[in-house]
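Participant: any chance you can model this:
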Amino acid sequence: MAYNLKEVMNKPERLTGGQRMCAGCGGPIAVRTVLRALKPEDHAVICSATSCLEVSTFLYPYTAWTDSFIHSAFENAAATISGVETAYKVLKKKGKVKENFKFIAFGGDGGTYDIGFQSLSGAMERGHDMVYVCYDNGAYMNTGIQRSSATPHFADTTTTPAGSVIPGKIQVQKDLGAIIAAHNVAYVGQSTFLGNMKDLYEKAEKAIYTEGAAYLSVMAPCPRGWRYSAEKIMEICKAAVETCYWPLYEVIDGEWKLSYRPKKKLPVTEFLKTQGRFKHLFKKGNEHMLEQFQKEVDLRWERLLKRCGEEL
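Facilitator: Numbering: from 1, shown residues only. Have a look, this model is predicted:
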(Lines give C-alpha, C1' and ligand atoms only; values in the text may rest on other atoms or scores of the structure.)
Protein backbone atom coordinates (compact mmCIF):
# COMPACT_ATOMS: atom_id res chain seq x y z
CA MET A 1 0.00 0.00 0.00
CA ALA A 2 1.71 3.19 -1.20
CA TYR A 3 1.81 6.22 1.12
CA ASN A 4 1.72 9.66 -0.47
CA LEU A 5 1.69 12.29 2.29
CA LYS A 6 0.24 15.05 0.08
CA GLU A 7 -2.61 12.84 -1.15
CA VAL A 8 -3.35 11.60 2.34
CA MET A 9 -3.51 15.08 3.83
CA ASN A 10 -5.78 16.28 1.03
CA LYS A 11 -8.44 13.74 1.93
CA PRO A 12 -11.55 15.31 3.49
CA GLU A 13 -11.75 15.24 7.27
CA ARG A 14 -14.27 12.77 8.71
CA LEU A 15 -13.94 14.16 12.23
CA THR A 16 -14.40 17.91 11.90
CA GLY A 17 -12.97 20.77 13.92
CA GLY A 18 -14.98 22.53 16.58
CA GLN A 19 -15.32 19.50 18.85
CA ARG A 20 -14.57 19.88 22.53
CA MET A 21 -11.55 17.60 23.04
CA CYS A 22 -8.70 19.12 25.08
CA ALA A 23 -5.72 20.79 23.44
CA GLY A 24 -2.86 18.29 23.33
CA CYS A 25 -5.20 15.26 23.57
CA GLY A 26 -4.22 12.19 21.57
CA GLY A 27 -7.79 10.97 21.05
CA PRO A 28 -8.82 13.15 18.08
CA ILE A 29 -5.37 12.78 16.50
CA ALA A 30 -5.82 9.00 16.54
CA VAL A 31 -9.36 9.20 15.16
CA ARG A 32 -8.53 11.64 12.36
CA THR A 33 -5.55 9.56 11.24
CA VAL A 34 -7.47 6.29 11.30
CA LEU A 35 -10.44 7.70 9.39
CA ARG A 36 -8.15 9.33 6.85
CA ALA A 37 -7.14 5.80 5.81
CA LEU A 38 -10.64 5.25 4.40
CA LYS A 39 -11.02 5.54 0.65
CA PRO A 40 -13.01 8.69 -0.26
CA GLU A 41 -15.65 6.61 -2.04
CA ASP A 42 -16.27 4.37 0.98
CA HIS A 43 -18.85 5.15 3.64
CA ALA A 44 -18.36 4.27 7.28
CA VAL A 45 -20.43 3.54 10.35
CA ILE A 46 -18.63 4.74 13.46
CA CYS A 47 -19.45 3.57 16.96
CA SER A 48 -17.96 5.05 20.10
CA ALA A 49 -18.19 3.79 23.62
CA THR A 50 -19.00 6.36 26.28
CA SER A 51 -15.76 8.27 26.69
CA CYS A 52 -14.09 11.67 26.40
CA LEU A 53 -14.29 11.16 22.65
CA GLU A 54 -18.03 10.55 22.65
CA VAL A 55 -19.10 13.32 25.02
CA SER A 56 -16.86 15.87 23.29
CA THR A 57 -17.75 15.13 19.66
CA PHE A 58 -21.46 14.32 19.80
CA LEU A 59 -23.81 16.48 21.83
CA TYR A 60 -27.26 16.16 20.31
CA PRO A 61 -28.22 17.74 17.95
CA TYR A 62 -24.60 18.61 17.11
CA THR A 63 -21.98 16.19 15.79
CA ALA A 64 -18.37 16.44 14.64
CA TRP A 65 -18.67 13.20 12.64
CA THR A 66 -19.37 13.29 8.91
CA ASP A 67 -20.12 9.55 8.76
CA SER A 68 -22.98 7.69 10.43
CA PHE A 69 -22.32 7.71 14.17
CA ILE A 70 -23.63 5.53 17.01
CA HIS A 71 -23.09 6.33 20.67
CA SER A 72 -22.89 2.99 22.45
CA ALA A 73 -22.83 2.22 26.13
CA PHE A 74 -19.50 1.98 27.91
CA GLU A 75 -19.39 -1.80 27.74
CA ASN A 76 -20.72 -2.78 24.32
CA ALA A 77 -19.23 -0.75 21.47
CA ALA A 78 -17.79 -3.89 19.85
CA ALA A 79 -21.11 -5.72 20.13
CA THR A 80 -22.97 -2.75 18.65
CA ILE A 81 -20.73 -2.34 15.61
CA SER A 82 -20.63 -6.11 15.01
CA GLY A 83 -24.43 -6.14 14.95
CA VAL A 84 -24.52 -3.31 12.42
CA GLU A 85 -21.95 -5.11 10.27
CA THR A 86 -24.11 -8.25 10.30
CA ALA A 87 -27.23 -6.29 9.34
CA TYR A 88 -25.32 -4.62 6.50
CA LYS A 89 -24.29 -7.99 5.06
CA VAL A 90 -27.90 -9.16 5.08
CA LEU A 91 -29.17 -5.97 3.45
CA LYS A 92 -26.44 -6.03 0.82
CA LYS A 93 -27.21 -9.67 0.02
CA LYS A 94 -30.87 -8.72 -0.49
CA GLY A 95 -29.85 -5.83 -2.74
CA LYS A 96 -31.27 -3.19 -0.39
CA VAL A 97 -27.88 -1.50 0.10
CA LYS A 98 -25.60 -0.73 -2.83
CA GLU A 99 -22.85 1.40 -1.28
CA ASN A 100 -19.69 0.07 0.36
CA PHE A 101 -19.53 0.57 4.10
CA LYS A 102 -16.75 0.00 6.64
CA PHE A 103 -17.39 -0.51 10.34
CA ILE A 104 -15.16 1.05 12.97
CA ALA A 105 -15.51 1.24 16.76
CA PHE A 106 -13.51 3.55 18.99
CA GLY A 107 -13.03 3.15 22.72
CA GLY A 108 -10.72 4.38 25.42
CA ASP A 109 -8.78 1.88 27.48
CA GLY A 110 -11.47 1.77 30.17
CA GLY A 111 -14.11 0.78 27.63
CA THR A 112 -11.70 -1.61 25.91
CA TYR A 113 -9.36 -3.27 28.41
CA ASP A 114 -11.92 -3.44 31.21
CA ILE A 115 -15.64 -2.72 30.92
CA GLY A 116 -15.88 -3.51 27.22
CA PHE A 117 -13.54 -6.49 27.12
CA GLN A 118 -16.27 -9.14 27.06
CA SER A 119 -18.04 -7.68 24.01
CA LEU A 120 -14.69 -7.00 22.31
CA SER A 121 -13.56 -10.59 22.83
CA GLY A 122 -16.85 -11.89 21.44
CA ALA A 123 -16.74 -9.70 18.35
CA MET A 124 -13.13 -10.67 17.64
CA GLU A 125 -13.82 -14.38 18.12
CA ARG A 126 -16.81 -14.25 15.76
CA GLY A 127 -14.62 -12.66 13.10
CA HIS A 128 -16.83 -9.76 12.05
CA ASP A 129 -15.46 -7.61 9.22
CA MET A 130 -14.82 -4.62 11.48
CA VAL A 131 -12.07 -2.63 13.14
CA TYR A 132 -11.90 -1.88 16.85
CA VAL A 133 -9.59 1.01 17.71
CA CYS A 134 -8.48 1.57 21.29
CA TYR A 135 -7.10 5.04 21.89
CA ASP A 136 -5.11 4.14 24.98
CA ASN A 137 -4.57 6.99 27.43
CA GLY A 138 -3.96 4.72 30.37
CA ALA A 139 -6.84 5.59 32.72
CA TYR A 140 -10.53 6.46 32.96
CA MET A 141 -9.90 10.07 31.99
CA ASN A 142 -13.51 11.06 31.26
CA THR A 143 -14.70 10.28 34.79
CA GLY A 144 -11.79 11.61 36.82
CA ILE A 145 -8.46 9.91 36.00
CA GLN A 146 -9.13 6.61 37.77
CA ARG A 147 -6.81 3.67 37.15
CA SER A 148 -7.61 1.07 34.52
CA SER A 149 -5.89 -2.19 33.66
CA ALA A 150 -4.03 -0.20 30.98
CA THR A 151 -2.57 2.18 33.57
CA PRO A 152 1.22 1.75 33.82
CA HIS A 153 2.93 0.46 36.92
CA PHE A 154 3.41 3.11 39.62
CA ALA A 155 1.35 5.75 37.79
CA ASP A 156 -0.32 8.31 40.03
CA THR A 157 -4.11 8.37 39.50
CA THR A 158 -7.05 9.47 41.65
CA THR A 159 -7.70 5.87 42.73
CA THR A 160 -4.00 4.94 43.03
CA PRO A 161 -2.57 8.11 44.58
CA ALA A 162 1.19 8.01 45.05
CA GLY A 163 1.99 8.65 48.70
CA SER A 164 2.97 7.01 51.94
CA VAL A 165 0.42 4.18 51.61
CA ILE A 166 0.99 3.08 48.00
CA PRO A 167 3.53 4.20 45.36
CA GLY A 168 0.89 4.70 42.64
CA LYS A 169 -0.68 1.76 40.81
CA ILE A 170 0.78 -1.44 42.19
CA GLN A 171 -0.03 -3.70 39.20
CA VAL A 172 1.54 -3.73 35.72
CA GLN A 173 -0.63 -2.98 32.69
CA LYS A 174 -2.43 -5.66 30.73
CA ASP A 175 -0.94 -6.75 27.38
CA LEU A 176 -4.18 -6.49 25.42
CA GLY A 177 -2.54 -6.68 21.98
CA ALA A 178 -1.28 -10.17 22.73
CA ILE A 179 -4.66 -11.17 24.16
CA ILE A 180 -6.51 -10.08 21.01
CA ALA A 181 -3.88 -11.73 18.81
CA ALA A 182 -4.65 -14.98 20.63
CA HIS A 183 -8.19 -14.73 19.21
CA ASN A 184 -6.71 -15.60 15.79
CA VAL A 185 -8.01 -12.39 14.20
CA ALA A 186 -6.98 -11.19 10.76
CA TYR A 187 -5.02 -8.16 11.94
CA VAL A 188 -3.63 -6.59 15.11
CA GLY A 189 -1.55 -3.43 15.08
CA GLN A 190 0.06 -1.22 17.72
CA SER A 191 1.09 2.34 16.93
CA THR A 192 1.24 5.94 18.14
CA PHE A 193 2.08 9.41 16.80
CA LEU A 194 5.47 9.71 15.11
CA GLY A 195 6.75 12.10 12.45
CA ASN A 196 4.34 12.23 9.52
CA MET A 197 2.04 9.58 11.08
CA LYS A 198 3.04 7.06 8.40
CA ASP A 199 3.08 4.07 10.76
CA LEU A 200 -0.39 4.74 12.17
CA TYR A 201 -1.91 5.58 8.79
CA GLU A 202 -0.59 2.43 7.11
CA LYS A 203 -1.71 0.21 9.99
CA ALA A 204 -5.16 1.81 9.93
CA GLU A 205 -5.39 1.15 6.20
CA LYS A 206 -4.43 -2.50 6.71
CA ALA A 207 -6.91 -2.88 9.56
CA ILE A 208 -9.78 -1.35 7.57
CA TYR A 209 -9.13 -3.18 4.31
CA THR A 210 -8.13 -6.58 5.67
CA GLU A 211 -11.19 -8.82 5.54
CA GLY A 212 -12.24 -10.02 8.97
CA ALA A 213 -11.82 -8.78 12.51
CA ALA A 214 -9.06 -6.26 13.19
CA TYR A 215 -7.82 -4.53 16.32
CA LEU A 216 -5.70 -1.38 16.46
CA SER A 217 -4.11 -0.10 19.66
CA VAL A 218 -2.95 3.52 19.63
CA MET A 219 -1.14 5.19 22.51
CA ALA A 220 -2.96 8.51 22.81
CA PRO A 221 -1.57 10.67 25.64
CA CYS A 222 -3.87 12.71 27.86
CA PRO A 223 -2.48 16.08 29.05
CA ARG A 224 -4.64 16.20 32.19
CA GLY A 225 -4.14 12.62 33.30
CA TRP A 226 -0.47 12.35 32.33
CA ARG A 227 0.27 15.96 33.35
CA TYR A 228 2.29 17.39 30.49
CA SER A 229 2.15 20.60 28.45
CA ALA A 230 -0.05 20.22 25.37
CA GLU A 231 2.74 20.94 22.91
CA LYS A 232 4.86 18.04 24.24
CA ILE A 233 2.63 15.23 22.95
CA MET A 234 4.83 14.22 20.01
CA GLU A 235 7.96 14.20 22.19
CA ILE A 236 6.25 11.88 24.65
CA CYS A 237 5.16 9.47 21.90
CA LYS A 238 8.66 9.42 20.43
CA ALA A 239 10.16 8.71 23.86
CA ALA A 240 7.68 5.86 24.40
CA VAL A 241 8.83 4.19 21.18
CA GLU A 242 12.56 4.84 21.54
CA THR A 243 12.57 3.41 25.08
CA CYS A 244 10.51 0.39 23.91
CA TYR A 245 7.82 1.20 26.47
CA TRP A 246 5.39 1.30 23.53
CA PRO A 247 6.86 -0.82 20.72
CA LEU A 248 5.42 -0.72 17.21
CA TYR A 249 4.33 -4.07 15.82
CA GLU A 250 1.60 -5.88 13.94
CA VAL A 251 0.21 -9.40 13.87
CA ILE A 252 -1.03 -10.54 10.45
CA ASP A 253 -2.86 -13.86 10.37
CA GLY A 254 -0.97 -14.93 13.49
CA GLU A 255 2.48 -13.84 12.31
CA TRP A 256 4.14 -11.24 14.55
CA LYS A 257 6.13 -8.52 12.79
CA LEU A 258 8.20 -5.78 14.39
CA SER A 259 7.55 -2.41 12.73
CA TYR A 260 10.42 -0.44 14.24
CA ARG A 261 13.53 -1.21 16.25
CA PRO A 262 15.41 1.69 17.86
CA LYS A 263 19.04 2.02 16.81
CA LYS A 264 19.83 2.70 20.45
CA LYS A 265 17.25 1.64 23.02
CA LEU A 266 16.92 4.51 25.51
CA PRO A 267 16.34 4.01 29.24
CA VAL A 268 12.67 4.20 30.17
CA THR A 269 13.38 7.21 32.38
CA GLU A 270 13.44 9.27 29.15
CA PHE A 271 9.73 8.49 28.84
CA LEU A 272 8.78 8.66 32.51
CA LYS A 273 10.35 12.07 33.17
CA THR A 274 8.10 13.73 30.58
CA GLN A 275 4.97 13.26 32.75
CA GLY A 276 3.86 14.50 36.15
CA ARG A 277 2.13 11.21 36.95
CA PHE A 278 5.56 9.64 37.44
CA LYS A 279 7.36 12.47 39.24
CA HIS A 280 7.38 10.59 42.55
CA LEU A 281 9.58 7.90 40.98
CA PHE A 282 12.44 10.37 40.78
CA LYS A 283 12.41 11.19 44.48
CA LYS A 284 15.32 10.00 46.59
CA GLY A 285 14.69 6.51 47.90
CA ASN A 286 12.52 5.44 44.97
CA GLU A 287 15.34 4.26 42.73
CA HIS A 288 14.16 0.67 43.13
CA MET A 289 10.86 1.56 41.46
CA LEU A 290 12.64 2.96 38.42
CA GLU A 291 14.72 -0.22 38.28
CA GLN A 292 11.60 -2.37 38.50
CA PHE A 293 9.87 -0.36 35.76
CA GLN A 294 12.89 -0.77 33.50
CA LYS A 295 13.00 -4.48 34.20
CA GLU A 296 9.37 -4.85 33.13
CA VAL A 297 9.92 -2.90 29.91
CA ASP A 298 12.98 -5.00 29.08
CA LEU A 299 11.08 -8.23 29.74
CA ARG A 300 8.20 -7.27 27.45
CA TRP A 301 10.57 -6.06 24.74
CA GLU A 302 12.50 -9.33 24.79
CA ARG A 303 9.25 -11.28 24.68
CA LEU A 304 8.11 -9.26 21.66
CA LEU A 305 11.40 -9.81 19.83
CA LYS A 306 11.05 -13.57 20.31
CA ARG A 307 7.48 -13.50 18.99
CA CYS A 308 8.68 -11.60 15.95
CA GLY A 309 11.65 -13.92 15.35
CA GLU A 310 14.12 -11.11 16.01
CA GLU A 311 17.47 -11.46 17.72
CA LEU A 312 17.82 -10.00 21.21
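
Participant: where does the chain have low pLDDT?
Facilitator: Low-confidence segments of the chain (pLDDT under 70): 1-2.

Participant: quick one, phi psi at Q190?
Facilitator: The phi/psi pair for Q190 (degrees, to the nearest 10) reads phi -130, psi 130.

Participant: for the nearest residue to it once chain neighbours are set aside, pull up the helix or strand it's in.
Facilitator: Leaving aside its sequence neighbours, Q190 sits nearest to S217 (C-beta to C-beta, 6 or more residues apart in numbering; 4.6 Å). Every residue, glycine included, has its C-beta placed from N, CA and C. Assessed by DSSP states H and E, S217 sits inside strand 213-219.

Participant: and that strand, which residues are buried?
Facilitator: 213-219 (16 or more other C-beta atoms under 10 Å).

Participant: and which of those is nearest to A155?
Facilitator: When those are compared for distance to A155 (C-beta to C-beta), M219 wins out at 13.6 Å.

Participant: now do the contacts for the closest residue in space to that closest one that isn't next to it in sequence.
Facilitator: In this structure, M219 finds its nearest non-sequential neighbour in T192, 4.0 Å apart by C-beta to C-beta, 6+ apart. Listed by C-beta atoms under 8 Å, 6 or more residues apart in numbering, the contact set of T192 reads 26, 199-200, 218-220, 237, 240-241, 246, 248.

Participant: doesn't V97 fall inside a helix?
Facilitator: No - according to DSSP: H, G, I helix; E, B strand; the rest coil, V97 belongs to no helix; its state is coil.

Participant: what about S259, how many residues close to it?
Facilitator: Here the number of neighbours of S259 (other C-beta atoms under 10 Å) works out to 16.

Participant: need the longest helix for this structure.
Facilitator: Identified as the longest helix of the chain according to DSSP state H is helix 287-307.

Participant: who's in contact with that one?
Facilitator: With C-beta under 8 Å, 6+ apart, helix 287-307 has contacts from 152-154, 167, 172, 175, 243-245, 247, 249, 256, 258, 265, 267-269, 272, 281-282, 311-312.

Participant: so V188, which state does it fall into?
Facilitator: What three-state DSSP gives for V188 is strand.
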